[in-house]
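**Student:** sharing a model prediction with you, sequence too.
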Amino acid sequence: MKNFIPVWSLLIFSLLLSACQPVNEKKVASAQNSAALPLELEDLNEKIHSDSLNPEHYYLRSRYYLERKDINRALADINKAIQLDEKKSDYFVALSEIYLSMGRIPNCLEALKKAEELDPVNKNALLKLAEVYLILKDYANTFEYTRRALDLDQINPKAHFIRGYAYMELGDSSLAIQNFQAAADQDQNYYEAYLELGALYSAQKNSLAAGYLQAATRIEPGRGEAYYLLGLAYQEQENIPKAIATYEKLLTVSPDFKEAHYNLGYINLVYLNDFEEAVKCFTRAISLDPKYTDAYFNRGYNYELLGDYVNARKDYQKALELIPNYDRSILGLNRLDSLQN
């Protein structure tokens, strides 16, 4: 029987890239023409119409489009701004963000290097360079650019956070905690910093974890990661009532959080011996992820305990189909063979 799932890398730091699909310009234009434009966009369009040689208007409209993931229009506008003023460092930082959203790391770095060349003390450029080098796992440059940003201003929670994440990836929990704590001290609403502190302290089985994770749920009550890690911390402490209550709260916020359903299944299986409820929990996890191998195995184990050997065999075989040579399923099938002979 596989243990509950401790997911320490649950979307905690959103630097991983996903490629954006090109926008169909004709469809976007049609949609904009068929309905009233948002006031903010209408105002930007009017400013551009009135003063088409002002690069700042194109820059602001590019930011507007980027926030709404309209990447093609964002890219067109920032290129127009740069064409009108190629000496503005911030425009190249904005260009880098668009390239980053597209997964075009070389272009992103090129834009940031240009921004740095134009303004070596542009903190946004330095921090963005640190972020990109962190994605690339180039920790030397990550530390160099965060150092330069902190030299300009010690009150810089994002720089501390990036350093903390780099130290965490390098396996230095002490320095990671030190930097995440600095980020949280400087910005008491820094959700990700509290989340990471809670995760690191949980991994150390330190009772401080709950306080940080509770703080994270207060800062962002609509996000699920902190509730999950808090429930997991309670579960590891074998505080089952609090674990159940926290997972149930999580599922009101994020009903599709499959790991919460899975861990509730584990609790019902191991701590409460409620095998029928455990089956329901694992079934919900499987409905959210039809390739959830561990959920199939554990549901099969519950069926075995309930004496439903037909369904137990089906689930063990499904887990084995998903992961060939899945040892737990092999053992489960061997057990069923011995029971039925």
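**Tutor:** Everything's here; your move. Residues are numbered from 1 along each chain as shown.

**Student:** all helices for the stretch 51-200 of the chain, in order.
**Tutor:** For the stretch 51-200 of the chain, the helices defined by DSSP state H, counting those that start in this stretch occupy 55-67, 71-84, 89-101, 105-118, 123-135, 139-152, 157-169, 173-186, 191-203.

**Student:** what sits up against the fourth one?
**Tutor:** What that stands for is helix 105-118. When contacts are defined by CB atoms under 8 Å, 6 or more residues apart in numbering, helix 105-118 is touched by residues 17, 87-90, 92-93, 95-97, 99-100, 122, 124-126, 128-129, 132, 135-136. Glycine gets a C-beta too; all of them are placed from N, C-alpha and C.

**Student:** redo that, cut-off 10 Å
**Tutor:** Contacts made with helix 105-118 from outside it, assessed by CB atoms under 10 Å, 6 or more residues apart in numbering, are listed as 17, 78, 82, 86-102, 104, 122, 124-126, 128-133, 135-136, 145, 148.

**Student:** tell me what angle it forms with helix 123-135.
**Tutor:** Between helix 105-118 and helix 123-135, the angle formed by their directions is 150 degrees, by axes from the mean of the first three to the mean of the last three CA atoms, to 10 degrees.

**Student:** I'd like the numbering to begin with 342 instead of 1 from here.
**Tutor:** Understood, numbering begins at 342; the last thing we discussed is helix 446-459.

**Student:** how far does stretch 540-553 stretch from start to finish?
**Tutor:** When the termini of stretch 540-553 are compared using CA to CA, to the nearest Å, they are 9 Å apart.

**Student:** show me which positions of it end up buried.
**Tutor:** Of the residues in stretch 540-553, those with enough neighbours to count as buried (16 or more other CB atoms under 10 Å) are 540-543, 550-551, 553.

**Student:** list just the nearest of the residues you listed to residue 653.
**Tutor:** The shortest separation between residue 653 and any of those is 33.0 Å, and it belongs to residue 543 (by CB to CB).

**Student:** confidence score at the closest one?
**Tutor:** According to the per-residue confidence, residue 543 scores 93 in pLDDT.

**Student:** do the same with the one 5 residues further on
**Tutor:** Per-residue confidence (pLDDT) for residue 548: 90.

**Student:** how much space separates it from residue 542?
**Tutor:** Between residue 548 and residue 542 the distance is 8 Å, computed by CB to CB, to the nearest Å.

**Student:** and the residue nearest to residue 634 when sequence neighbours are not counted, what does it touch?
**Tutor:** Once flanking residues are discounted, residue 634 sits nearest to residue 663: 4.5 Å by CB to CB, 6 or more residues apart in numbering. If you count contacts by CB under 10 Å, 6+ apart, residue 663 has them with 631-635, 637-638, 670.

**Student:** just residue 526 next, same as before
**Tutor:** By CB under 10 Å, 6+ apart, the contact set of residue 526 is 496, 498, 501, 534.

**Student:** surely the third one meets residue 487?
**Tutor:** Put plainly, it is residue 501. Yes: the pair residue 501 and residue 487 qualifies as a contact (CB atoms under 10 Å) at a distance of 7.8 Å.

**Student:** need the residues touching each of those two.
**Tutor:** Common neighbours of residue 501 and residue 487, counting by CB under 10 Å, 6+ apart, are residue 520.

**Student:** retrieve the pLDDT associated with residue 682.
**Tutor:** For residue 682, the model assigns a pLDDT of 69.

**Student:** circling back to that earlier point, just the buried members of the contacts of helix 446-459?
**Tutor:** Among these, those classed as buried by neighbour count (16+ other CB under 10 Å) are 419, 423, 429-443, 445, 463, 465-467, 469-474, 486, 489.

**Student:** chain neighbours aside, what residue packs nearest to residue 629?
**Tutor:** Residue nearest to residue 629 in three dimensions, not counting chain neighbours: residue 599, with 4.2 Å by CB to CB, 6+ apart.

**Student:** er, residue 589 I mean
**Tutor:** Closest residue to residue 589 in three dimensions, ignoring its sequence neighbours and counting by CB to CB, 6+ apart: residue 605, at 7.9 Å.

**Student:** contacting residues for the one you found?
**Tutor:** By CB under 10 Å, 6+ apart, the contact set of residue 605 is 345, 572, 576, 584-585, 588-589, 591-592, 613, 618-619, 621-623, 625-626.

**Student:** narrow those residues to those that are buried.
**Tutor:** Burial by neighbour count, 16+ other CB under 10 Å: within the contacts of residue 605 this picks out 345, 572, 576, 584-585, 588, 591-592, 618-619, 621-623, 625-626.

**Student:** low-confidence stretches in the stretch 542-682 of the chain?
**Tutor:** Counting by pLDDT under 70, the stretch 542-682 of the chain contains low-confidence ranges at 682.

**Student:** mind listing the helices for it?
**Tutor:** Going by DSSP H, counting those that start in this stretch, the stretch 542-682 of the chain shows helices at 549-560, 566-577, 581-594, 599-611, 616-629, 634-646, 650-663, 668-681.

**Student:** hmm, who's touching the last one?
**Tutor:** When contacts are taken as CB under 10 Å, 6+ apart, the neighbours of helix 668-681 outside the stretch itself are 342-343, 634-635, 637-639, 641-642, 644-645, 648, 650-651, 653-654, 656-664, 667.

**Student:** repeat that with 8 Å
**Tutor:** Applying CB under 8 Å, 6+ apart, the external contacts of helix 668-681 come out as 342-343, 638, 641-642, 645, 650, 653-654, 657-658, 660-661, 664.
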